[in-house]
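Student: Just the structure for this:
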Amino acid sequence: MNRTSRRKFLVTSTSLAIGTTALGSVPLSAPAPKHPVSHHVFFWLKNPGSKEDRDKLIDGLKTLSKIEAIKELRVGVVADTEKRDVIDDTWSVSELMFFDDLKAQASYQSHPLHLEFIKNCSHLWEKVLVYDVEAV
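Tutor: Numbering: from 1, shown residues only. Reported below is the predicted structural model:
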């Protein structure tokens with residue numbers, strides 16, 4: 001093999017190896033989400049400095065995990081991340097739920113455990129903001 005051919009072979013082989021490695025780690029398409037509907041709710045407490053009120057709300061939210069339509073439930077508080085203009089850290093507690101479809105999410109809204117949660121805990125919050133999302 002002459003020098004020019006060998007150089008082209010090495011460059012091509014190296015480029016191919018690098019390209020294959022890079023492509024091998026990137027999926028060509030994202031897999032469909034396991035539970036494509038999410039319901040994210042943010043709560044502002046009437047008494048934001050009250051750990052007792054915060055804990056009551058968290059306990060109440062966790063009771064919702066017994067609702068069969070909810071496939072996954074996460075309850076959280078504001079993370080201590082860097083402060084930036086695009087971050088809203090004025091809320092106190094959030095819950096993030098995942099459902100298989102919009103029908104399941106709608107059934108959750110009128111479920112007796114959800115209605116009981118509202119009855120038992122609504123006195124704790126002054127504001128609620130909801131984001132419902134359907135994966136694309």
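Student: Got the confidence number for Ser110?
Tutor: Looking at Ser110, its pLDDT stands at 97.
Student: again with the one 5 residues further on
Tutor: Turning to Leu115, the model gives it a pLDDT of 98.
Student: how many other residues sit next to it?
Tutor: When neighbours are defined as other Cβ atoms under 10 Å, Leu115 has 11 of them. For glycine as for every other residue, the C-beta is placed from the backbone atoms N, C-alpha and C.
Student: quick one: low-confidence ranges for this structure?
Tutor: Scanning the chain for pLDDT under 70 picks out the ranges 1-28.
Student: So which residue is dead centre in it?
Tutor: Geometric centre of the chain, nearest residue: Leu96, 6.2 Å, by Cα atoms, centre = their mean.
Student: Can you classify Glu82 by secondary structure?
Tutor: Here Glu82 is coil, with the state taken from DSSP: H, G, I helix; E, B strand; the rest coil.
Student: follow-up on the earlier one: return the set of residues that bridge with the residue nearest to the centre of the chain.
Tutor: Beta-bridge partners of Leu96, counted by DSSP bridges, are His40, Arg74.
Student: where do the strands sit along this protein?
Tutor: Here the chain has its strands, by DSSP state E, at 37-45, 72-77, 93-99, 125-134.
Student: Most tightly packed of those strands?
Tutor: strand 93-99 (a mean of 21; mean count of other Cβ atoms under 10 Å).
Student: wait, isn't Ala104 in contact with Ile67?
Tutor: No - with contact defined as Cβ atoms under 8 Å, Ala104 and Ile67 do not form a contacting pair (9.5 Å).
Student: Looking at the strands of the chain, which is nearest to Ile118?
Tutor: Nearest of those to Ile118, taken as Cβ to Cβ: strand 125-134 at 9.8 Å.
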